[in-house]
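Chemist: Whatever this is, show me its structure:
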Amino acid sequence: MSKASFERKAIGILYDFQKSRKVWGDLVSDGLTQANALVNVQLQQGAGYWPPALDQFLDLKDRFESKLQKKADALALDFETTFTKMSAQYSKMKLQTSQFEYLMEEATEAFGEAYTYRDPFGTTCTLEQIWVQLEKVFGLYTQQIALNREILDQLIARNQHQQNPAFSAPSSMPQPGGGESSIVVSDVTSSSSSSQGDVGAAGILAPMPRDKDQGMILLSAWLNQPHLKPDALVTFDEFCQVEMFEGE
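Modeler: Down below sits the predicted model:
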């Protein structure tokens, strides 16, 4: 394989990696819509006022709750499907990262260590330096996919325990720092900083009782994808543009 072929292959891998990241972002938007609808339905379950005059028609209340549960189950399934698609994009990124690592090994065997570790492969960086940046970004997605799995699991757990009194929570909930949540139900996007604080060092959400605060924390964590550090991703995008894609 010629050096030009190696360069084309490296650029192709990076293009595919960036495409997977874009699809991931689209799925975040889809999942937010589904999760928000699910939380809204969950908050309606078992919380409606039933006039005493209608006590003789309790079967109507049962039918209403049954309808809500079916709707919640359908939304939970949609959200789980979105996560499955997201996991598929993560698997593609993992494959692309492995392919780039294997490309480095092939390049070293074909052209020597200087070609891989010392000579500029892109505009200024070596093949190894490009690999380091790629692996760093993939590591962020590895952390985020684990957190997204936790968000999915907790939203589904809320669905499964919607009639369990143990999940009826107080209006405020303790935070890891010892304070109380100040997330406002009417505005998910305004709670960006709150969601960052609710994610532990390992990126896993602690189990929480079922209430509005819990639902908003889960939605905000999904919206913000806190492990995907914007500065790191912007730097990687600029890096790819300068090192590999200029003139393409």
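Chemist: secondary structure element for the residue nearest to the spatial centre of the chain?
Modeler: Centroid-nearest residue in the chain: N148, 4.5 Å away (criterion: CA atoms, centre = their mean). Using DSSP states H and E, the element containing N148 is helix 127-160.
Chemist: Check the residue nearest to the centre of the chain and give its pLDDT.
Modeler: Note on N148: pLDDT of 97.
Chemist: so how far is V132 from it?
Modeler: Between N148 and V132 the distance is 25 Å, computed by CB to CB, to the nearest Å. Quick note: C-beta positions are derived from backbone N, CA and C, even for glycine.
Chemist: now E80
Modeler: In this view, E80 and V132 are 35 Å apart by CB to CB.
Chemist: S87 too?
Modeler: To V132, S87 is 25 Å away according to CB to CB.
Chemist: what do you get for T235?
Modeler: Distance of T235 to V132, computed by CB to CB: 12 Å.
Chemist: centre of the chain versus stretch 86-102, how much separation?
Modeler: Distance of stretch 86-102 from its chain centroid, counting by CA atoms, centre = their mean, to the nearest Å, is 16 Å.
Chemist: Rounded mean pLDDT for that stretch, please.
Modeler: pLDDT averaged over stretch 86-102 gives 96.
Chemist: List of residues touching it?
Modeler: Stretch 86-102 has contacts (CB atoms under 8 Å, 6 or more residues apart in numbering) with 10, 13-14, 16-17, 20-21, 23-24, 27-28, 31, 130-131, 134-135, 138, 141-142, 145, 148.
Chemist: again, only using 6 Å
Modeler: The contact list for stretch 86-102, computed with CB atoms under 6 Å, 6 or more residues apart in numbering, reads I13, D16, F17, S20, V23, W24, L27, W131, L134, F138, Y141, I145.
Chemist: If you rank every helix and strand of this protein by mean pLDDT, what lands last?
Modeler: Lowest on mean pLDDT, DSSP states H and E among the helices and strands of the chain sits helix 192-197, with a mean of 42.
Chemist: Following the chain past that helix, name the next helix or strand.
Modeler: In N-to-C order, the element after helix 192-197 by DSSP H and E is helix 212-224.
Chemist: ranges for the helices of this protein?
Modeler: Using DSSP state H, the helices of the chain run over 3-44, 58-111, 113-117, 127-160, 192-197, 212-224, 230-240.
Chemist: quick one: low-confidence parts of the chain?
Modeler: 46-50, 58, 161-211, 245-248 (pLDDT under 70).
Chemist: Now with 50, please.
Modeler: For the chain, applying pLDDT under 50 flags the ranges 163-203, 208-209, 247-248.
Chemist: Phi and psi next, for T124.
Modeler: phi -130, psi -20 (degrees, to the nearest 10).
Chemist: What is the burial count for it?
Modeler: For T124, the neighbour count with other CB atoms under 10 Å is 9.
Chemist: That one: what's it in contact with?
Modeler: Per CB under 6 Å, 6+ apart, neighbours of T124: none.
Chemist: can you tell me how far it sits from A114?
Modeler: Here T124 is placed at a distance of 16 Å from A114 (CB to CB).
Chemist: Ok, V234 next?
Modeler: From V234 to A114 the distance is 31 Å (CB to CB).
Chemist: Kindly report the same for M86.
Modeler: According to CB to CB, M86 and A114 sit 40 Å apart.
Chemist: and the helices of the chain, which is most packed in?
Modeler: The highest mean neighbour count among the helices of the chain, using mean count of other CB atoms under 10 Å, belongs to helix 212-224: a mean of 23.
Chemist: what helices or strands is it leaning on?
Modeler: Contacts defined by 3 or more CB pairs under 6 Å, 6 or more residues apart in numbering; DSSP states H and E place helix 212-224 against helix 3-44, helix 127-160, helix 192-197.
Chemist: and that helix, how far from the chain's centre?
Modeler: 12 Å.
Chemist: Same question for stretch 78-87.
Modeler: Distance, centroid of stretch 78-87 to centroid of chain: 10 Å (CA atoms, centre = their mean).
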